[in-house]
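Enquirer: Show me how the following folds:
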Amino acid sequence: MLHFKTEGDSVRKLRRRLPVIPFIFAVLIALLVDGTIILPSEAQAAPQNSQGASTTETHVDGLQRSYRLDSYLVLANEGAARGENIYKYKCWVCHNQYQKDGPDLKDLYKRSTLMSGAAVDDDAVSAQINNGGPGMPSFRTTLSDRDVADLVSYLRGGTCCRGEQHPAANPWYRASTQKWPVQSGLSGGARGTVRTAKVFRVAREERCGPQREN
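Expert: Alright, predicted model coming up:
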C-alpha cells in the first residue's frame, strides 16, 4: 500500500525540529565564549601577537602624508619645529618681509610692544593669535592651544622667520639622488595636414565655386 506525504506531515516534522535550532545556537555561543572555537580572523592574528612586546608598536603608514599635512606634522611632532610648519601655513602669507599690510614677525620678541600696545610676551602673543585684531582674523577656532603654543615657541626662537629663503629639502623628492634614465631623441607625433574650417572652405570653393553668403 502506497503512502503519500501530505503537507501536514511536513509541517509536523518541521515543528519537531524547531526546538533543536535554538539549542544548537546556544551550544555554539557557549563554545565561542569559552574559547574552544577560534574564528578564522583570530587564528590569522594569533601568530602576529605571539612575537612578543615588539608588536605593541603602532605601525605608521608613511604614505599617509595628508594626515601629517592637516595636523602640521611635516617638520616635527611638537615644539618650535612644528610651530614653523604652522607659521608657513597660517602666518607667512601676511607676515613676511615682502608684505606691507602685516608686520614682519622676525625678531618679534626683541620689540617692546605689539601693534596693539601690549607688552611682548607669550600671553600677549597667544592672545593676539587667538583673538585677532584690525586686519587680522582670529585663529581661536582653527588652531588648538597646542598649535598656538608651538607657534609661539617658534616666534620666540631665533630662527623665525626667513625659512622661505632657504626651504628644507622635500623628503618626497628623490630625483636628485636617483640616476633615473631620461629619454632623449624622441620622435613621432601628429603628421599630415591639419584640417581646419578654413581648409574645408577652400576645398569646397575649389570644387563648387565661391558660395554666396545670405
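Enquirer: Show the subsequent helix or strand relative to the worst-scoring helix or strand of the chain on mean pLDDT.
Expert: The element with the least model confidence among the helices and strands of the chain, by mean pLDDT, DSSP states H and E, is helix 40-49, at a mean of 47. Counting by DSSP states H and E, the next helix or strand C-terminal to helix 40-49 is helix 65-70.
Enquirer: list the buried ones in the helix or strand following that next one?
Expert: Sequence-wise, the next helix or strand downstream of helix 65-70 (DSSP H and E) is helix 79-86. With burial defined by 16 or more other C-beta atoms under 10 Å, the residues of helix 79-86 counted as buried are Ala80, Ala81, Arg82, Gly83, Glu84, Asn85, Ile86. C-beta coordinates here come from the backbone N, C-alpha and C atoms, glycine included.
Enquirer: Distance-wise, check the second one relative to Ile24.
Expert: Remark: distance between Ala81 and Ile24 (C-beta to C-beta, to the nearest Å) = 61 Å.
Enquirer: now swap in the last one and tell me
Expert: Counting by C-beta to C-beta, the gap between Ile86 and Ile24 amounts to 60 Å.
Enquirer: Can you tell me the element Ile29 falls in?
Expert: Assignment of secondary structure by DSSP H and E places Ile29 within helix 20-34.
Enquirer: can you tell me the average pLDDT over that helix?
Expert: Within the predicted structure, the mean pLDDT of helix 20-34 is 72.
Enquirer: Please apply the same query to stretch 183-200.
Expert: pLDDT averaged over stretch 183-200 equals 67, rounded to a whole number.
Enquirer: do stretch 111-125 as well
Expert: Across stretch 111-125, the per-residue pLDDT values average to 92.
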